[in-house]
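Undergrad: when you get a sec, could you give me coordinates for this:
(chains A and B)
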Amino acid sequence: MNDRERVREKIAGILGHKPEKIADDAVLTDLVNNSFLLVETVIELQEEFDIRFQQADLAGLTSVGQLLDLSAARIAGDNPGSDLN
Amino acid sequence: MKIDENLRWILSFYRTSEISGALFFGELARSLRPSAIQQDMTRHFADEANHARYWTDCLEKLGAEPLKLPTAYQNQYLAAAGMPTNLMEILAITQVFEKRVVAQYTLHSRSPNVPDEVRQTIETIMTDEQWHIQWIRDALKDMEPDYGKDNIKDTLRRFTLADREVYKKTAIEHRERIVDLRLATK
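TA: Modelled structure (predicted):
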């Protein structure tokens, strides 16, 4: 299973859906019933995969596919936010 | 003893905010790896749950049922400040929020004709709130090498501006209900 699919499985687990429900074109806010759940999701992804998001990463991010791409890129080591370290 | 509807609404508002805080931090604590932050966050959400219980008990002593309110104050933060995207930002927004809570409870305890039950509840809660601010301040300090001191400072500034905006909006929206508290600022 590649990183993208591992992230999809994790999101499905957090939100209580089957992974096939977490389609690339699904709108993130449609999958959660409150904003706090979305916050918890992004924090849990960072904890699980030992990655970090910055505010700019998530600005304009609306779909599951975009979040999968971002997470997979971070897991692969693409971390523009690391210049803060 | 029978309290007026405005006070019932305010105490219910506090209670709803404390419940939301407890649930949010409970979920976050579950997400985090075991660490000092997770340990403090666990205590933090237990405190918030207890605070909700104190307000429930206080309302009961005053002969009132809590009101079911549609949204917690914290929800408006996300709309005003943008979603916190990492643990540092979560702690920063919480720090700002906790300071607002302390200011609000202080204002309330100084307002005229506060029932003893309310004043005692606020005093009990305030001890915990001071600790909340302290542990988060310490945690943010520890995060400086990792996230950058200036970045943390900027984040706190952004959330402080959002807090002012949300508080102002809430005060205008509910001005009739909080008229007694506003008198305390004069």
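Undergrad: quick check: which ranges of the chain have low pLDDT?
TA: Let's take chain A. Counting by pLDDT under 70, chain A has low-confidence residues at A:79-85.
Undergrad: not quite, go with chain B.
TA: In chain B (pLDDT under 70), the answer is B:1, B:71-74, B:179-186.
Undergrad: residues from it in reach of chain A?
TA: Contact residues, chain B versus chain A (C-beta under 8 Å from any C-beta of the partner chain): B:20, B:23-24, B:27-28, B:31-33, B:74-75, B:78-79, B:82-87, B:89-90, B:145-148, B:151, B:155. Yep, even glycine has a C-beta here, placed from its N, CA and C like the rest.
Undergrad: can I get the buried part of the residues you listed as one ChimeraX selection?
TA: Those of those that count as buried under 16 or more other C-beta atoms under 10 Å in any protein chain shown are selected in ChimeraX with:
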select /B:20,23,24,27,28,31,32,74,78,82,83,84,85,86,87,89,90,147,148,151,155
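Undergrad: just give me the residue right at the centre of chain B.
TA: The centroid of chain B falls nearest to B:Val101 when counting by C-alpha atoms, centre = their mean (4.3 Å).
Undergrad: from the chain's centroid, how far away is stretch A:25-33?
TA: Centroid displacement of stretch A:25-33 relative to its chain, using C-alpha atoms, centre = their mean, to the nearest Å, is 12 Å.
Undergrad: got the end-to-end distance for that stretch?
TA: Length of stretch A:25-33, first residue to last, C-alpha to C-alpha, to the nearest Å: 18 Å.
Undergrad: and for stretch A:26-39, what's in contact with it?
TA: Contact with stretch A:26-39 is made by A:14-15, A:17, A:22, A:41, A:61-64, A:67, B:20, B:23-24, B:27, B:74-75, B:78-79, B:83-84, B:90, as judged by C-beta atoms under 8 Å, 6 or more residues apart in numbering or on different chains.
Undergrad: and what of stretch B:22-39?
TA: Contact with stretch B:22-39 is made by A:36-37, A:39-40, A:43-44, A:47, B:41-42, B:44-46, B:48-49, B:51-52, B:74, B:87, B:90-91, B:139, as judged by C-beta under 8 Å, 6+ apart.
Undergrad: work out for me the element the residue sitting nearest the centre point of chain A sits within.
TA: Centroid-nearest residue in chain A, with C-alpha atoms, centre = their mean: A:Leu67, separated by 4.2 Å. In the assignment (DSSP states H and E), A:Leu67 maps to helix A:64-75.
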